[in-house]
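> Pasting the sequence and the predicted coordinates here, then a few questions.
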Amino acid sequence: MVGSRVVPKTQQRVDIRVLIAALQHRRWAVDGFHSLVIATSSDYVANAIISQIGRWLSSEWQLPMPEEVHDNRDLWQIFLSEVSKCNAEGLDVKIWHILPEITQHLNVEAERRAMEQS
């Protein structure tokens, strides 16, 4: 729910939540990290970060935007807040857009290794 509106559960919201979870997982800079790279195969996330977020911020979120962006504004604001916190602590956050095939390969490899450890 965003405000008084019920927001549907979508893959786009899951993709943004993954970014937020990675940033909130630990205090990366306090633990000695200087940069954090988060890889995503989400076209939605990559396109939003590359070409949209700057425009949304400079217009104070007043630009006409597709409904899915408006529905996800709450999560984008949390994400941006987390990035700001990381930057203030000296952590450089990078988001890499990777091919879905790479993600699939990594998932298969992770499952194989998990099975080996069981």
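Perfect, thanks for sending it.
> in the protein, which helix or strand is least confident?
Lowest on mean pLDDT, DSSP states H and E among the helices and strands of the chain sits helix 53-58, with a mean of 81.
> Next SSE downstream of it?
Scanning forward in sequence from helix 53-58 by DSSP states H and E, the next helix or strand is helix 67-88.
> Name the next helix or strand downstream of that next one, please.
Downstream of helix 67-88 (by DSSP H and E), the next one is strand 92-97.
> Contacts only, for the closest residue to residue 16 other than its chain neighbours.
Distances taken as CB to CB, 6 or more residues apart in numbering put residue 75 closest to residue 16, at 4.2 Å, once the chain neighbours are dropped. To be clear about C-beta, it is placed using only N, CA and C from the backbone, and glycine gets the same treatment. By CB atoms under 8 Å, 6 or more residues apart in numbering, residue 75 lies in contact with 13, 16-17, 20.
> I'd like those written out as TSV, with secondary structure, distance to residue 41 and neighbour count added.
Formatted as TSV, the contacts of residue 75 follow (DSSP: H, G, I helix; E, B strand; the rest coil; distance: CB to CB, whole Å; neighbours: other CB atoms under 10 Å):
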residue	secondary structure	distance to residue 41	neighbour count
13	helix	16	17
16	helix	14	22
17	helix	15	14
20	helix	17	17
